[in-house]
Each structure stands twice: as C-alpha cells, then as structure tokens.
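A.B. asks: Got a predicted structure plus its sequence, pasted below:
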Amino acid sequence: MGRFRNKIIKLFFKLTKLLIYRHDYTPDKYRKGMDFFTWFLRKPRGVKYEMEMVGHMDALWIRPSNIDNDSVILYLHGGGYGMGSIKSHKKMAGRIARACKTQCLIIEYRLAPEHPFPAAVEDAFYAYEWLREKGFRPEKIVIGGDSAGGGLTLATLLKIKEKGLPQPLAAFCLSPWVDLSASSPEMDSYQDKDPFIDKESIKIWGHRYAGENVKHPLASPLYADLRGIAPVLVQVGTSEILLFENRALYKKAMEQGLDFQYEEYPEMIHVFQVFGGFLPQADQAIAQIGNFVMGRAKAYRASTTIA
C-alpha cells in the first residue's frame, strides 16, 4: 500500500510540475499556490490551535491532547524562504507535536524577496529568545523545520552559538536545504529521480533569499563550523536532489564529532512527512522524530538526576 501511494504522490507532482509550475510567477502566486496544494492534507486528530503574536510575527500554538510535559517545539516552515506559512504547515507540525507529546509554536518569519537574508535567521533567533523570556529553559526547547526551514533550523543553532547562548535540547531537520548554491555535482544526473524540485529552482530561490551570500554559513549551513550545536536528527528521501548535500552534511557532522542522527528513506520525495495520515513511510518518519525528541529529553533528565 505504501509503495502504491508513494507512486500516486510522485505522479501528482510530476503532472503539477509539467502542467502548472513556472519559474516566473510572482511571489504572491507561489504563496497562494502552496497554501492551496496543502489544504487537502489530512488534519491530525486531537490537536488544538491558538493564535499568538511573537514580536512582529504571527504565530500559532499547536497543542495536542496527549501533552505530558512542559517543553516546546519551535517549528520553522519550509518554502524556499519565499513561501510557506502557518496555514500550509500546521497539519504536519501538529502530527509532529503529537508524536513528541508536546506543544509546538510555528512562526511566520519574514519572507524573501521582500525580506532577504538574514531576515529569516533574525526572526527565528528572536522566537527562540521569546520562548526563553516566556520561561522555557533551553533544555525544554526543540527547534525543527523542513526544507528551507530545516536549513533555517541549523542556521538558528549557529546563531545561538555565535551569541554565546545555551543551545536547545535538540533539533530536527526534514529534507533540509543546506546549500543554496546548488553545488552538488550529482544534481544534474539525478534530476529525473526528483519529481518535485529542480536545480534551476534551487538557484532562483537561493538568489532571491541570499543574493551573493548563498554560501554564507547562516544561509547555507553546509559551509559552517557545526561544532558546538545541539544534537540533530536529519531525515531525507532518496528521490530528491537535496539528498547529496545532506549526505555531505552528515559526513561533515561526523568529521566534526557532532551528536548527529541521519536517516535516509528509500524512494521518498522532498518533505514526504507532509503526507502523514496517508503515506505509511511519513507516519514512520514522524514517529521517529517523536522517539528522537523524547529520547533526548529522557537522557537529559537522567544526566541531571545523576549529577
């Protein structure tokens, strides 16, 4: 059943890309399109939503009925730094919060090209500090995101390190975009495997956000010194062209001695976790996020008890 449903999803994206998608749409059209194509996703059960303001940003509290702790996930949505929203990502974030048995705060960080780099990093860092001011200790905070939001998650950890502040408990990244320059030499030959993303789009969106700074460590964390950041979980599909920069990220993390958990999902597309409730592999990956986050929390509690 999972393989059949995955084929349906891939076919849908191939047809959408062939018949609808263009590289010259206005930013507003991309944003409306992303919201439209995510409205039909299944809603997670047992999840409540409440609007919030985080400084200048709209935000949404996501509270599952099975919350059993006082921690929080700061969720950073994907969308190439130029689209994506609370509306497009709240269902997936709700499933993740439910799997982690904790609440989640998703923010509307500023988007490019109106607000180029480093606006998104500044907003994500602000949200982290806002949570701390609200009484959440660093060891009670997890940061996570998908695609551009996954890259932004790592950039936020790097910004926290740069400021000399304590790292959060952990972080998770779903198909993170970590090289805005699209430098992976394998991309061209692998393009036919990816029904969703193409190299041209990566370069266009990378330039819209970061301009000439596409290799800046806070725009493309693949080029950063990652030592000293929180434990990280990365999930990526093998049918996406971001696979190779994520393999390079994993290699770098191992060389730098990071606490880094890396998972590849065979034949899965970019951010396949969005199909939770429909695609078994998505449900499996989201369950793994829950295991990772709760495992880190348990390990922290054990270490402080021993101390």
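C.D. replies: Arrived safely, thanks for sending. Numbering: from 1, shown residues only.

A.B. asks: leaving aside the residues next to it on the chain, what's closest to Pro231?
C.D. replies: Excluding its sequence neighbours, the residue lying closest to Pro231 (Cβ to Cβ, 6 or more residues apart in numbering) is Asp259, at 3.9 Å. Glycine gets a C-beta too; all of them are placed from N, C-alpha and C.

A.B. asks: Could you tell me what pLDDT the model assigned to that neighbour?
C.D. replies: According to the prediction, Asp259 has pLDDT 97.

A.B. asks: Quick one: residues contacting it.
C.D. replies: Ala230, Pro231, Val232 (Cβ atoms under 8 Å, 6 or more residues apart in numbering).

A.B. asks: any idea how far Met1 is from it?
C.D. replies: 35 Å (Cβ to Cβ, to the nearest Å).

A.B. asks: residues near the nearest residue to Pro64 once chain neighbours are set aside, how many?
C.D. replies: In space, and not counting its chain neighbours, Pro64 is closest to Arg98: 4.0 Å by Cβ to Cβ, 6+ apart. By other Cβ atoms under 10 Å, the residues close to Arg98 number 23.

A.B. asks: mind listing what's buried in stretch 133-144?
C.D. replies: Of the residues in stretch 133-144, Phe136, Glu139, Lys140, Ile141, Val142, Ile143, Gly144 count as buried by neighbour count, 16 or more other Cβ atoms under 10 Å.

A.B. asks: correction: stretch 31-43
C.D. replies: Neighbour counts over stretch 31-43 (16+ other Cβ under 10 Å) mark Arg31, Gly33, Met34, Asp35, Thr38, Leu41 as buried.

A.B. asks: Sort out for me which of the buried residues of stretch 133-144 are in strands.
C.D. replies: Residues of the buried residues of stretch 133-144 located in strands (DSSP state E): Ile141, Val142, Ile143, Gly144.

A.B. asks: List just the nearest of those residues to Val47.
C.D. replies: Closest approach to Val47 among these (Cβ to Cβ): Gly144, at 16.0 Å.

A.B. asks: Quickly note the distance from that closest one to Phe172.
C.D. replies: Gly144 is 4 Å from Phe172, where distance means Cβ to Cβ.

A.B. asks: between the two, what contacts are shared?
C.D. replies: Common neighbours of Gly144 and Phe172 (Cβ under 8 Å, 6+ apart) are Thr153, Ile289.

A.B. asks: Now tabulate the buried residues of stretch 31-43 in CSV and tack on distance to Asp24 and secondary structure.
C.D. replies: Putting these into CSV (distance: Cβ to Cβ, whole Å; DSSP: H, G, I helix; E, B strand; the rest coil) gives the following:
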residue, distance to Asp24, secondary structure
Arg31, 15, helix
Gly33, 13, helix
Met34, 16, helix
Asp35, 20, helix
Thr38, 22, helix
Leu41, 27, coil
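
A.B. asks: Now the two most distant members of those.
C.D. replies: Taking Cβ to Cβ, the two most distant members of those are Arg31 and Leu41; they sit 16.8 Å apart.

A.B. asks: residues near Gly150, how many?
C.D. replies: Gly150: 29 neighbours (other Cβ under 10 Å).

A.B. asks: can you give me phi and psi for it?
C.D. replies: phi -70, psi -40 (degrees, to the nearest 10).

A.B. asks: Then Asp58?
C.D. replies: Dihedral angles for Asp58 - degrees, to the nearest 10 - are phi -70, psi 150.

A.B. asks: Renumber starting at 517 from here on
C.D. replies: Done: numbering now begins at 517, and the last item shifts to Asp574.

A.B. asks: Leaving out the residues flanking it, which one is nearest to it?
C.D. replies: Glu624 (4.3 Å).

A.B. asks: And the strands in the stretch 617-766 of the chain?
C.D. replies: Here the stretch 617-766 of the chain has its strands, by DSSP state E, counting those that start in this stretch, at 619-623, 657-662, 686-690, 748-753.
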